[in-house]
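> Take this sequence and fold it.
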Amino acid sequence: MLDLGLTCPNRDGATGFGGCIYCDLSGSGTGAAKQQLDINQQWQDGLKRARRTNPEAPSAIIYFQSYSNTYPDLSALESALEQIHTWSTDAPIVTIGTRPDCFSEDAAQLLAKQLEHFEEVWIEFGLESADDNVQRRIGRHDTLQNFRDACKLAHRYGLKSIAHCIAGLPEEKEDGLLRQVDEVNKANCHGIKFHQLMVLRKTILAKQWMDGEIELLDDKQYIQKVADALERLDPEIIVHRLVAEAPDSEYLAPKPWPGRQNVHSRIELEMELRGSIQGCKRKTP
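Down below sits the predicted model:
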């Protein structure tokens, strides 16, 4: 995970200040840029960690995660991409995280050029909710139409798209995650990440949670919602993540919360008990 030390329109005043209510000071990333670590050092450190976990792994994915990596301009990303071309032997895939409203024609062209050096280029869009009212409630100020337009633009340039979806946002309707999955299907995304709403320290959400304004899903509710969503998800779409984690030093709630592997196993068990597979209840056009 690479951090270019960028920002997003929810922080610099273009659409708001302070970020989305759940986003911490590192932009849901590593905070490495604030530690004065250049991207080469970040890459080497990340590669060492990955190979400690799986020494036999033949390759890795270069992931620009923190903040919105195509905002406020493309200069930092363009410079970083020039530096990473030599890494393609160890990492044949590069992924760029950004907001749909920060993805332009120029950004798409820049990323499409990287296909000369990498086997695949993925662009990860934060969908988070398919309800614009919820987008405003969480201080995100993006729209569903922006997501649709961004996915179309990515497809036009041969980029693979990942949608990031959150379950349990305040004021989200009961079928909120299902509505997100339906939009991911319609947008012909190549991948999806599921994420439970977590309360992290130094976020707007932390204060709202401590003031009793927020109700969080417990692990049982979350597992049911993800299983429901998987039944609706196009079987060709790759599930990149089933649940999120955060360091104990940053994490506040919900508690207790089981580890990632526990949640994975319980989602798989739930699908088995239902006799379900991915896409078995997909809505057809």
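> ok, T284 - how many residues close by?
Counted with other CB atoms under 10 Å, the neighbours of T284 add up to 4. The way it works is simple: take the backbone N, C-alpha and C, and place the C-beta from them, glycine included.
> Ignore what I typed, I meant L178.
Applying other CB under 10 Å, we find 19 residues neighbouring L178.
> Would you indicate which residues of the strand or helix carrying it are buried?
Per DSSP states H and E: L178 is located in helix 176-186. By 16 or more other CB atoms under 10 Å, the buried positions in helix 176-186 come out as G176, L177, L178, R179, Q180, V181, D182, E183, V184, N185.
> Could you tell me the end-to-end distance of stretch 210-218?
Start to finish, the residues bounding stretch 210-218 are 17 Å apart (CA to CA, to the nearest Å).
> gap between the most centrally placed residue in the chain and Q114?
Nearest to the geometric centre of the chain sits H164, at 4.0 Å (CA atoms, centre = their mean). To Q114, H164 is 21 Å away according to CB to CB, to the nearest Å.
> same thing with S265?
To Q114, S265 is 36 Å away according to CB to CB.
> repeat for C20
For C20, the distance to Q114 equals 28 Å [CB to CB].
> so where's the stretch 51-200 of the chain shaky on pLDDT?
55-58 (pLDDT under 70).
> hmm, try it at 90
Along the stretch 51-200 of the chain, the parts satisfying pLDDT under 90 run over 51-61, 65-67, 86-91.
> where do the strands sit along it?
Remark: strands assigned in the stretch 51-200 of the chain by DSSP state E, counting those that start in this stretch are 61-64, 93-98, 120-128, 160-167, 191-196, 199-200.
> got a list of what Y251 touches?
By CB atoms under 8 Å, 6 or more residues apart in numbering, the contact set of Y251 is M198, V199, L200, R201.
> so how far is T203 from it?
Counting by CB to CB, the gap from Y251 to T203 is 11 Å.
> Remind me which helix or strand T30 belongs to.
Using DSSP H and E, T30 sits within no helix or strand.
> ok, now which ones touch it?
Contacts of T30 (CB under 8 Å, 6+ apart): M1, D3, Q42, Q65, S66.
> repeat for P170
P170 sits next to V134, R137, I138, Q208, E213, I214, E215 when contact means CB under 8 Å, 6+ apart.
> Can you flag the buried ones in those residues?
Among the contacts of P170, those classed as buried by 16+ other CB under 10 Å are V134, I138, I214.
> Just give me the closest of the residues you listed to D90.
When the buried ones among the contacts of P170 are compared for distance to D90 (CB to CB), I138 comes out closest, at 36.7 Å.
> isn't that closest one right next to G19, touching?
No: between I138 and G19 there is no contact under CB atoms under 8 Å: 10.0 Å.
> Tell me which residues of stretch 273-280 come out buried.
Residues of stretch 273-280 classed as buried by neighbour count (16+ other CB under 10 Å): Q278.
> Same question for stretch 2-19.
Buried-residue list, stretch 2-19, by 16+ other CB under 10 Å: L2, D3, L4, G5, L6, T7, C8, P9, N10, R11, G16, G19.
> Need the contact partners of it.
Stretch 2-19 is contacted by residues 20, 23, 26-27, 29-34, 37, 39, 42-43, 46, 62-69, 71-72, 76-77, 80, 99, 101-102, 139-141, 203-204 when judged by CB under 8 Å, 6+ apart.
> next one: stretch 102-120
With CB under 8 Å, 6+ apart as the criterion, stretch 102-120 contacts 8-9, 68, 70-71, 74, 77-78, 81, 85, 88, 91-94, 96, 98, 121, 123, 125, 150, 153-154, 156-160.
> Going by neighbour count, list what's buried in that stretch.
C102, F103, S104, A107, A108, L110, L111, Q114, H117, F118.
> I'd like to know how far the second one sits from G16.
With distances defined as CB to CB, the gap from F103 to G16 amounts to 18 Å.
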